[in-house]
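K.L.:
Return atomic coordinates for the entry below.
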Amino acid sequence: MTSVRPKTHREFFRIALDAAATGTARWTPVPGSDGLITELILADNVDPATKTGSRTRLARWQPGARVPEAVIHDFHEEVFIVEGDLVVGCDARGEGGERFDAYTFACRPPQVLHGPFTSRGGCMLLEFQYYD
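P.N.:
Numbering: from 1, shown residues only. Below is the predicted model:
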C-alpha cells in the first residue's frame, strides 16, 4: 500500500494577486503557456508517480491566453471561475466555443477529454486536482 505524504500545514497566509505585490506565495508560469497562464500553488501533495494526493491552486489567465488542444488527465479536477471569462470548446485559434463567466463551476472525473480553452478578457480560476 502506498502512503500519501500529508499536505503541509499552512495557517492563513497572504496571497499576492498582483504580480508586483508581496505575499508568501509566488505566481509561476504554467509550462507551455508562453507566460500567459500563471499558477499559484496553495496546497500540494500530488505524486503523479503513485497517483496519490491533491493540489489546490489559483490559475491566472491573461487576455488571449489559450490551450489550443483538448486535454485529458488521470486525476479529478474541479474548477471555479473566480473572475473574468473562460471559453470552452473553441478552436485552436480561440474562436467559437461557449463562454463562462465568474461564479461558474466544472467538476471532471479522470480521463474526460475537455477543451480547447481561451480567455478573451482574462480570468482567475480556483482549481482542485486530486486522485482517488
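
K.L.:
Which SSE is immediately downstream of the biggest strand by length in the chain?
P.N.:
Looking across the chain with DSSP state E, the single longest strand is strand 76-88. Note on strand 76-88: by DSSP states H and E, the next helix or strand toward the C-terminus is strand 98-101.

K.L.:
check contacts around V4.
P.N.:
For V4, the contact set (Cβ atoms under 8 Å, 6 or more residues apart in numbering) comprises 45, 47, 50, 52-53. For glycine as for every other residue, the C-beta is placed from the backbone atoms N, C-alpha and C.

K.L.:
related to what we said a few turns ago, give me the helices and strands touching the longest strand of the chain, please.
P.N.:
Counting contacts by 3 or more Cβ pairs under 8 Å, 6 or more residues apart in numbering; DSSP states H and E, strand 76-88 packs against strand 54-61, strand 98-101, strand 105-108, strand 117-118, strand 123-130.

K.L.:
Keeping just the C-alphas, turn it into PDB.
P.N.:
Output in PDB follows, covering the C-alpha atoms of strand 76-88 (Å, rounded to 0.1, in the frame of the first residue of the first chain):
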ATOM      1  CA  HIS A  76     -10.200  14.500 -10.700                       C
ATOM      2  CA  GLU A  77     -10.500  18.300 -11.400                       C
ATOM      3  CA  GLU A  78     -12.800  20.900 -10.000                       C
ATOM      4  CA  VAL A  79     -12.700  24.400 -11.400                       C
ATOM      5  CA  PHE A  80     -14.400  27.600 -10.100                       C
ATOM      6  CA  ILE A  81     -14.200  30.800 -12.100                       C
ATOM      7  CA  VAL A  82     -13.400  33.500  -9.600                       C
ATOM      8  CA  GLU A  83     -13.300  36.400 -12.100                       C
ATOM      9  CA  GLY A  84     -13.300  37.000 -15.800                       C
ATOM     10  CA  ASP A  85     -14.200  34.700 -18.600                       C
ATOM     11  CA  LEU A  86     -13.200  31.200 -19.800                       C
ATOM     12  CA  VAL A  87     -14.300  29.900 -23.200                       C
ATOM     13  CA  VAL A  88     -14.600  26.100 -23.600                       C
END
